[in-house]
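Trainee: Here's my sequence, what's the structure:
(one chain, ligands or ions: 1)
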Amino acid sequence: MIPVLFYLPGSCSFGSIVALAWLGQPFRLCRLDHVTIKSDAYRMFNTLRQVPTLKSDAGVLTESAAILNHLGFLGLDKNLAFKQGTWEFDRTNQMLSFLTTSLHGAMGPIVHPERFAESTSAQEELEQRAMKIQVPELLSYLEGILNRHLWLGGDYPNVADAYFYGIGRSAAKFIDFDRDFPNVGNYFTQFKLDPGVVFATAVEDQRITESVTGFEGEVSLQELS
Ligand SMILES: N[C@@H](CCC(=O)N[C@@H](CS)C(=O)NCC(=O)O)C(=O)O
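Mentor: Numbers count the residues shown, from 1 in each chain. As a prediction, this is how the structure comes out:
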């Protein structure tokens, strides 16, 4: 079968779409929304009912880090990642772990405050703390790295960068990158033009004007069930 990536617009599955676009091998996409992601039909693919999920002949893979490492290996010749066993692989894996746990976790109270506290006032407090303290602290770590390197992956954008773009854009809604984190701001300005990022953005916005090699269209959850 042609691998299918389940995605939710505006979410962390963005990075996996970018990686698929860079890879250039056949793939399809299955768009979910806030209702279908919680459906029993989707639960068959991801018991946690979250995105991303990649379904291929090998089976069903969930968790961004696992999917991105899988795609990265398939795209070693295209600099999507480094070969396992090298120091560069370990560094990319360290970055992916940081992004998918620390940074993604810190965004939680902003995206879903109701999951972290019961009362509205407690939710607001957690949300404010995340926006003003936790997320900026983590971004300043990335700001330091981007002061020394053009990309989180090293000399080229790789799967860690693809993932960071997908979740970092949410932080750009409440943090002025250009003012507070100029290296991150510059990075986003440049990365926005990357063909994989352009494609993934167009997919989410449902306005694909130019496709990428390998994209074989969207498939509905119903067709896959
Ligand atoms: N640990 C998972 C987290 C996945 C996750 O939280 N995905 C979010 C989107 S960024 C999601 O599916 N949200 C829908 C929901 O939880 O209702 C990963 O890294 O893939």
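
Trainee: the helices in this protein, which residues?
Mentor: Assignment of helices within the chain using DSSP state H yields the ranges 14-23, 40-43, 64-74, 87-97, 104-111, 120-129, 135-148, 159-171, 177-180, 182-191, 195-205, 221-224.

Trainee: Deepest-packed of these, please.
Mentor: Comparing the helices of the chain by mean neighbour count (mean count of other Cβ atoms under 10 Å), helix 14-23 ranks first with a mean of 28. Every C-beta, even on glycine, is put in place using the N, C-alpha and C of the backbone.

Trainee: other SSEs contacting that one?
Mentor: Secondary-structure packing of helix 14-23 (3 or more Cβ pairs under 8 Å, 6 or more residues apart in numbering; DSSP states H and E): strand 4-7, helix 64-74, helix 159-171, helix 195-205.

Trainee: avg pLDDT for that helix?
Mentor: Averaging pLDDT along helix 14-23 yields 98.

Trainee: outside of it, which residues touch it?
Mentor: 3, 5, 7, 27, 29, 52, 54, 64, 67-68, 71-72, 74-75, 78, 80, 159, 162-167, 169, 194-197, 199-200, 203-204, 212, 214-215 (Cβ atoms under 8 Å, 6 or more residues apart in numbering).

Trainee: can you check stretch 29-41 too?
Mentor: 4-9, 17, 42, 49-51, 203, 215, 217-222, 224-225.

Trainee: mind running it again at 7 Å?
Mentor: Outside stretch 29-41, the residues within contact range by Cβ atoms under 7 Å, 6 or more residues apart in numbering are 4-8, 17, 42, 49, 51, 203, 218-221, 224-225.

Trainee: Lowest-confidence member of the residues you listed, which is it?
Mentor: Ser225 (91).

Trainee: Next, format the helices of the chain as a markdown table and append distance to Ala58.
Mentor: Shown next, in a markdown table, are these (distance: least, Cβ to Cβ, whole Å):
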| stretch | distance to Ala58 |
| --- | --- |
| helix 14-23 | 15 |
| helix 40-43 | 19 |
| helix 64-74 | 8 |
| helix 87-97 | 20 |
| helix 104-111 | 25 |
| helix 120-129 | 39 |
| helix 135-148 | 32 |
| helix 159-171 | 18 |
| helix 177-180 | 38 |
| helix 182-191 | 30 |
| helix 195-205 | 22 |
| helix 221-224 | 16 |
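
Trainee: Mind putting these into JSON lines with distance to the ligand?
Mentor: As requested, the helices of the chain are exported to JSON lines (distance: least, Cβ to the nearest ligand atom, whole Å):
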{"stretch": "helix 14-23", "distance to the ligand": "9"}
{"stretch": "helix 40-43", "distance to the ligand": "10"}
{"stretch": "helix 64-74", "distance to the ligand": "4"}
{"stretch": "helix 87-97", "distance to the ligand": "9"}
{"stretch": "helix 104-111", "distance to the ligand": "6"}
{"stretch": "helix 120-129", "distance to the ligand": "16"}
{"stretch": "helix 135-148", "distance to the ligand": "14"}
{"stretch": "helix 159-171", "distance to the ligand": "7"}
{"stretch": "helix 177-180", "distance to the ligand": "20"}
{"stretch": "helix 182-191", "distance to the ligand": "18"}
{"stretch": "helix 195-205", "distance to the ligand": "12"}
{"stretch": "helix 221-224", "distance to the ligand": "14"}
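
Trainee: ok, now how distant is the closest residue to Asn46 other than its chain neighbours from the ligand?
Mentor: Distances taken as Cβ to Cβ, 6 or more residues apart in numbering put Thr53 closest to Asn46, at 4.4 Å, once the chain neighbours are dropped. Distance of Thr53 to the ligand, computed by Cβ to the nearest ligand atom, to the nearest Å: 9 Å.
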